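>>> What follows is a predicted structure for the sequence shown.
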Amino acid sequence: MNTQEDKEGLGSNMKIVFATGNAHKVQEVNDIAKGSGIEFELPPDGFNPLENGLTFEENSLIKAQEAARISGRISLADDSGLCVEALNGEPGIYSARYDTTPQKRIDKLLNNLTEVANRRAKFVCAMTLVDKDGKTIRQEVGECHGKIAHTQTGNNGFGYDPIFIPDGYDITIAQMSEEEKNTISHRSRALRKMIEFVNSWSLDAQSYSDTDNNYSGDNFSKICH
Ligand code: IMP
């Protein structure tokens, strides 16, 4: 692999395809990346990955490779979800498919935790950066730990935000501003690590390894990956 060639275009104003069909998500990652010299762009039309991985990491790789395949460019993807300790890490990678609507997903989770004392949970986000040929450059994982509330509160955010209280807070994420969420969220943590990597990316081939990532999980992480 020609690392010199593959890094071309990466500099102080680099553009990276962000593997999603959701323009709001691209806006969110660009807000987090503000000032980093990196700008994320939607993939071309036709982005339609088959997310059949068994881990967040696998699904983010599948999405990144699909974006690279249709764009022919360096691409970054994320995959995220909520892992609840008392439910053996569920809903995990099935967070978006736990039930048919966002409200039903929240209701189902709260019902499954009725009279359960252990409310520990975490949001997990895996990100994979691939080169234009779909080869992994880097994987990073970000986590946001907290607990599941007994009732839902707040109207901001999306998904499980109204029932997730991050450690150090007594409000749900849905009661926070987007800026506040971006300081602690799993996605922002993974993205900041990825940006740090990209900005310090050495042309030395040794730093260009698909097995070189700095994530090591605890036991709770293992049941969720
Ligand atoms: P995705 O991989 O980012 O599309 O997330 C998959 C699913 O996980 C979403 O549909 C949500 O149900 C849940 N999820 C991921 N991130 C968040 C978050 O920041 N807040 C609330 N729910 C989230």
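Now that the structure is in, tell me what you want to look at. Source: prediction; values computed, not measured. Numbers count the residues shown, from 1 in each chain.
>>> The longest strand along the chain: what's the following helix or strand?
Counting by DSSP state E, the longest strand found in the chain is strand 136-148. Going down the chain from strand 136-148, the next helix or strand is strand 164-166, by DSSP states H and E.
>>> Show residues contacting that following strand.
82, 121, 123, 144-149, 171-173, 184 (C-beta atoms under 8 Å, 6 or more residues apart in numbering). Using the backbone N, CA and C atoms, a C-beta is placed for each residue, glycine as well.
>>> hmm, which of those residues are the buried ones?
Neighbour-count burial (16 or more other C-beta atoms under 10 Å) is assigned, among these, to 82, 121, 123, 144-149, 172-173, 184.
>>> Give me the neighbour count for the residue nearest to Asn118 when sequence neighbours are not counted.
Nearest residue to Asn118, sequence neighbours excluded (C-beta to C-beta, 6 or more residues apart in numbering): Ala86, at 4.5 Å. Other residues near Ala86 number 15, with proximity taken as other C-beta atoms under 10 Å.
>>> Hmm, Ser60 is touching Ser75, no?
No. Ser60 is beyond contact range of Ser75, at 10.5 Å (criterion: C-beta atoms under 8 Å).
>>> what's the longest helix seen in the chain packed up against?
Within the chain, and with DSSP state H defining each element, the longest helix by residue count is helix 56-71. Under the contact definition 3 or more C-beta pairs under 8 Å, 6 or more residues apart in numbering; DSSP states H and E, helix 56-71 sits against strand 14-18, strand 75-84, strand 120-130, strand 136-148.
>>> so which of those strands comes closest to the ligand?
strand 75-84 (4.0 Å; C-beta to the nearest ligand atom).
>>> Relative to Ala77, how far out is the residue most central in space within the chain?
Per C-alpha atoms, centre = their mean, the C-alpha nearest to the average position across the chain is that of Cys125, at 3.1 Å. With distances taken as C-beta to C-beta, to the nearest Å, Cys125 is found 11 Å from Ala77.
>>> again, but for Ile93
Per C-beta to C-beta, Ile93 is found 14 Å from Ala77.
>>> if we can go back for a sec, isn't the residue nearest to the centre of the chain right up against Asp78?
Yes. Judged on C-beta under 8 Å, Cys125 makes contact with Asp78 at a distance of 5.5 Å.
>>> intersection of neighbour lists for these two?
Residues touching both Cys125 and Asp78 (C-beta under 8 Å, 6+ apart): 187, 190.
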